[in-house]
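1. coords please:
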Amino acid sequence: MSFYQLQTSQGLTVSQNEAWEFLCNPQNLSAITPDSMQFEILSGVTIPMFKGQIIQYKVSPFPGFKTRWVTEITHLKSGDYFVDEQRFGPYSLWHHKHFLKSHENGVIMEDVIDYKLPLGILGRAMHGAFVRKQLQKVFQFRYEKLKSLFGEIPDVEPIIQFRTI
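-> Residues are numbered from 1 along each chain as shown. Below you'll find the model as predicted:
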């Protein structure tokens with residue numbers, strides 16, 4: 001049984017409050033998701049983010065395959081962090097923590113995602129052949145998009161790293 005973890009970090013030249021306002025609005029997810037994923041929000045975003053919020057999407061993680069993804073906001077501390085967990089979707093487990101930390105030149109945005117794929121050995125093979133690359137592509141796109149929207153803190157090294165746990 002393999003669990004994986006993806007950690008990302010980047011410095012943005014925007015206040016912690018401005019970053020929070022952007023990130024806690026689920027409607028902004030489509031702006032930071034590659035068009036190739038055909039990301040579509042179905043429900044749950046008409047009011048500001050709150051603990052217990054259920055958000056439904058349709059997404060195409062790879063060509064020819066579209067799936068419904070349902071997440072719940074399970075933890076939230078306004079301005080600092082929130083956690084979304086998959087309730088239904090392509091993963092056996094998806095636990096995504098979003099953190100914002102003040103920096104003298106803006107804010108550090110960190111993500112920690114613990115995930116597991118279904119299908120046992122086939123899922124592990126799919127991770128090595130496809131899923132890891134797809135997640136790398138998604139978070140690289142997100143990094144570039146946030147950098148273009150808010151600017152980048154020059155002395156903060158961006159991180160996108162995977163590990164098996």
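
2. What are the buried residues along the lengthiest strand in the chain?
-> Across the chain, the strand with the greatest residue count (assigned by DSSP state E) is strand 65-77. The neighbour-count check on strand 65-77 (16 or more other C-beta atoms under 10 Å) flags 69-74, 76 as buried. (Each C-beta comes from the backbone N, C-alpha and C, glycine too.)

3. Kindly report the same for stretch 17-34.
-> Buried residues in stretch 17-34, counted by 16+ other C-beta under 10 Å: 19-20, 22-24, 26, 29, 32-33.

4. SS state for residue 10?
-> In terms of secondary structure, residue 10 is strand; the call rests on DSSP: H, G, I helix; E, B strand; the rest coil.

5. contacting residues around it?
-> 108-109, 143, 146-147, 152, 156, 158-159 (C-beta atoms under 8 Å, 6 or more residues apart in numbering).

6. Out of those, list just those in helices.
-> The subset of the contacts of residue 10 located in helices under the criterion DSSP state H comprises 143, 146-147.

7. quick one: which of these has the most company?
-> Among those, the one with the most neighbours (other C-beta atoms under 10 Å) is residue 146, at 21 neighbours.

8. Tell me who's in contact with that one.
-> Neighbours of residue 146 in contact, by C-beta under 8 Å, 6+ apart: 10, 12, 32, 109.

9. Kindly reformat those residues as JSON lines containing distance to residue 97 and pLDDT.
-> Output for these, formatted as JSON lines (distance: C-beta to C-beta, whole Å; pLDDT from 0 to 100):
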{"residue": "10", "distance to residue 97": "15", "pLDDT": "98"}
{"residue": "12", "distance to residue 97": "18", "pLDDT": "98"}
{"residue": "32", "distance to residue 97": "17", "pLDDT": "96"}
{"residue": "109", "distance to residue 97": "12", "pLDDT": "98"}
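
10. Turn these into a markdown table, columns for distance to residue 90.
-> As requested, the contacts of residue 146 are arranged in a markdown table below (distance: C-beta to C-beta, whole Å):
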| residue | distance to residue 90 |
| --- | --- |
| 10 | 25 |
| 12 | 29 |
| 32 | 19 |
| 109 | 24 |
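
11. ok, now which ones touch residue 8?
-> Under the criterion of C-beta under 8 Å, 6+ apart, the contact partners of residue 8 comprise 110-111, 139, 142-143, 158-161.
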